[in-house]
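Colleague: model the structure of this input:
(chains A and B)
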Amino acid sequence: MTLELLIKGSSENFLLRQLIKKNFTSKYKDSVLGILWSFLKPLIEMAILTAIFSTIFAKSIENFPVYFMAGRCILDFFNVGTKSAMTSIKSNRSILQKIYVPRYIFALGNICSEFLNFLMTMIVMVAIMIATKAPFYAMSLFAVIPLATLFILITGVGLILAIVCTKFSDIEYLYKIFTGLLTYACAIFYPIDIVPQPVRGYMELNPIYGIIAQFREFIMFGRFPSTRLMLTTFAFSVIIFIIGVLIFRRYQDKITLEL
Amino acid sequence: MAKSQNEKESIITKIINLFRNIISPKDKLLENKEGVDDNIAIELKNVSLSFKIGNDKIDNLKEYVIRTLNRTKEKKTIFKATDDVSFKIYKGEKVGIIGFNGAGKSTLLKIISGVYTPDEGEVIINGNIAPLLSLGAGFDKNYSGRENIFLNGAILGYDEKFLRAKYDEILEFSELGEFINLPVKNYSSGMLSKLGFSIATIVDPDILILDEVLGVGDINFRKKSKEKLKSLMASNTTVLLVSHSIEEIRSICDKAIWIDKGKVIDFNEVNSVCDKYEEAAKNASKEKTKKLKPQRF
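Modeller: This next block holds a predicted model:
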């Protein structure tokens, strides 16, 4: 009787749901502002940067608050998502050393709960769009394409980092430096036009910048970005994803010995 | 609206299932291979597992790079925790595992329950396993007892329907009553282990794996938990038990495996193995006490 109930697929999906719920609730358990904090933090950042930069870039950026929020939210999801996936295996060592649980599930669970956080910051962005009387387009719905690409990219990077981080603990600090640099390399608070040409060409190869640029095109102007940009970004993300899956598959059974 | 929601969910579930099949293709917990003798519950074929141990483990990239450049990387010692182990355990057999400290008993249990994957060899498991190796793994201290039942249950591999059906039974067995709605950070350690025990033993497993017979909680609960374990070990369940108490092994098991330095020394009827083991233990301790004798100056 109980055997039939312990079907693998459904029990693993149940575990995934439980882990997402746990991550989500534990994140807000200790803060006074609770869930409000997720709305407040991007708002404050936006207010400061708008105050500083919006007049300088007034010519090239029509709606600075929305421009900034779109970039900032996506980059933040990338940073937090990959970072939480990176530590997922290490921080659950007490479970992994005692019970067989599929290893990928902790990484995926962390990324999914960060995705929920990201969706909440999207609410803030829509609110800002309404407040600044930005136009809405039906085409904006296609923004799910860059978001799906982003999810694939984050999963790939997260899986690689999860394995590497169990082997080398200082990867955490190195990655922190990397994400710090990424903030400046993704054209979050400045227009890409101000970057001189040879450098700009390299910047556009950055898949996270590619995703942000696509997302802005869809949301702010309701039009399709260039096919070249979409294809290169997607191809790059899929390649990283495949590498991540291959590395994870190769080493997932060995890492429990190293924990 | 509700229907489209359902459809959407099934698409997401499909994607997740696809992802799962790609990333962890082995179906470890319910391994039912064809062509295997149906009467076998656990079969190990030439299973070996070694750990790399060194005096100073390189666990960061900086050191790794520097040591590689300087060529001062220490050669790692390889420690064979399990060395070419093969045995068959048939359905319904109660098997005890004995051996001195560090002989590789727990490693063997972890290999069988899937925590460690062996370097070489094959592990075949026929039936569902309940490894009672740790109680309350993954408890979240901010969660109430009730929420932790679902979280811990999910980690142990139960599904939602099963947990909902068994929830009352778990609560009743744990004797927590009203406390179930409080965060577990307010629980005493006894209450925590009672809850963990109740969740872990709610299944009706084909194969039960135990590292020492667990008695948890106060006197009353200790008695109750031992009885629960006894009922789990009833007739058809295959039992694998690690214990340092030879008496317990003799009373519960009908076969025993003696392991030393990762190798199977003997696998036979319980009393004959235990007699040999005790004989060896006596000799070993005699030698040790000889060394310990105070020397007169």
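
Colleague: find the nearest non-adjacent residue to residue 136, please.
Modeller: With no chain named, the answer covers chain A. Distances taken as C-beta to C-beta, 6 or more residues apart in numbering or on different chains place A:M129 nearest to A:F136, at 7.1 Å, with adjacent residues excluded. (C-beta placed from N, C-alpha, C; glycine too.)

Colleague: actually it's chain B I care about, not the one you picked
Modeller: Excluding the flanking residues, the one nearest B:G136 by C-beta to C-beta, 6+ apart is B:G196, at 3.1 Å.

Colleague: roughly how far does the residue lying closest to A:V164 once chain neighbours are set aside sit from B:L61?
Modeller: Nearest residue to A:V164, sequence neighbours excluded (C-beta to C-beta, 6+ apart): A:I171, at 5.3 Å. Separation of A:I171 from B:L61 (C-beta to C-beta, to the nearest Å) stands at 6 Å.

Colleague: following element in sequence after the least confident helix or strand in chain A by mean pLDDT, please.
Modeller: Ranked by mean pLDDT, DSSP states H and E, the weakest helix or strand in chain A is helix A:2-5, scoring a mean of 38. Toward the C-terminus, helix A:2-5 is succeeded by helix A:8-29 as the next helix or strand (DSSP states H and E).

Colleague: in the very next helix or strand once past that following helix, which residues are buried?
Modeller: As assigned by DSSP H and E, the chain's next helix or strand after helix A:8-29 is helix A:36-53. For helix A:36-53, burial by neighbour count (16 or more other C-beta atoms under 10 Å in any protein chain shown) applies to A:S38, A:P42, A:L43, A:E45, A:M46, A:L49, A:T50, A:F53.

Colleague: list the contacts of helix A:36-53.
Modeller: If you take C-beta atoms under 8 Å, 6 or more residues apart in numbering or on different chains as the criterion, helix A:36-53 is touched by A:28, A:31, A:33, A:64-65, A:68-69, A:72-73, A:76, A:117, A:120-121, A:123-124, A:128, A:189-190.

Colleague: flag every buried residue along the helix or strand that comes right after that helix.
Modeller: Downstream of helix A:36-53, the next assigned helix or strand under DSSP H and E is helix A:64-91. Buried residues in helix A:64-91, counted by 16+ other C-beta under 10 Å: A:64-90.

Colleague: residues of the stretch 51-200 of chain B that sit close to chain A?
Modeller: Residues of the stretch 51-200 of chain B lying close to chain A (C-beta under 8 Å from any C-beta of the partner chain) are B:51-52, B:59-62, B:64, B:110, B:113-117, B:128, B:131, B:133-134, B:137-138, B:140, B:142-143, B:150-151, B:154-162, B:165.

Colleague: can you count the residues close to B:L232?
Modeller: 18 (other C-beta atoms under 10 Å in any protein chain shown).

Colleague: near chain B, which residues of the stretch 51-200 of chain A?
Modeller: For the stretch 51-200 of chain A, the contact set with chain B under C-beta under 8 Å from any C-beta comprises A:92, A:94-104, A:108, A:159, A:167-171, A:174.

Colleague: ok so, going back, just confirm the residue nearest to B:G136 is within a helix.
Modeller: Yes - according to DSSP: H, G, I helix; E, B strand; the rest coil, the state of B:G196 is that of a helix.

Colleague: quick check: it touching B:L151?
Modeller: No - with contacts counted by C-beta atoms under 8 Å, B:G196 stays clear of B:L151, the gap being 11.7 Å.

Colleague: ends of stretch B:92-111, what's the gap?
Modeller: Taking C-alpha to C-alpha, to the nearest Å as the measure, stretch B:92-111 stretches 20 Å from start to finish.

Colleague: mind checking how far that stretch is from the chain centre?
Modeller: 10 Å (C-alpha atoms, centre = their mean, to the nearest Å).

Colleague: ditto for stretch A:83-90
Modeller: Counting by C-alpha atoms, centre = their mean, stretch A:83-90 comes out at 14 Å from the chain centroid.

Colleague: so what's the residue nearest to A:F136 up against?
Modeller: Listed by C-beta under 8 Å, 6+ apart, the contact set of A:M129 reads A:V66, A:F136, A:I219.

Colleague: where's the dip in pLDDT among the residues you listed?
Modeller: pLDDT across the contacts of A:M129 is lowest for A:F136, at 85.

Colleague: tally up the residues packed near that residue, please.
Modeller: 11.

Colleague: and it, what element?
Modeller: Of the helices and strands defined by DSSP H and E, none includes A:F136.

Colleague: for B:V123, see how far away it is.
Modeller: 58 Å.

Colleague: now B:N283
Modeller: B:N283 sits 33 Å away from B:V123, going by C-beta to C-beta.

Colleague: neighbour count for these two, which is higher?
Modeller: Taking other C-beta under 10 Å, B:N283 and B:V123 do not tie; B:V123 has more neighbours (19 against 10).

Colleague: tell me the SS of that one?
Modeller: strand.

Colleague: surely it meets B:S113?
Modeller: No - shown here, B:V123 and B:S113 do not form a contact pair, counting by C-beta under 8 Å, at 9.7 Å.

Colleague: mutual contacts of these two, please.
Modeller: Counting by C-beta under 8 Å, 6+ apart, nothing touches both B:V123 and B:S113.

Colleague: which SSE is immediately downstream of the one helix or strand the residue nearest to A:F136 maps to?
Modeller: When secondary structure is defined by DSSP H and E, A:M129 falls within helix A:104-131. With elements assigned by DSSP H and E, the helix or strand that comes after helix A:104-131 is helix A:144-167.

Colleague: by how many degrees do that next one and helix A:104-131 diverge?
Modeller: Following axes from the mean of the first three to the mean of the last three C-alpha atoms, to 10 degrees, one obtains 140 degrees for the angle between helix A:144-167 and helix A:104-131.

Colleague: for helix A:144-167, what does the pLDDT average out to?
Modeller: Summarised as a single mean, pLDDT over helix A:144-167 is 93.
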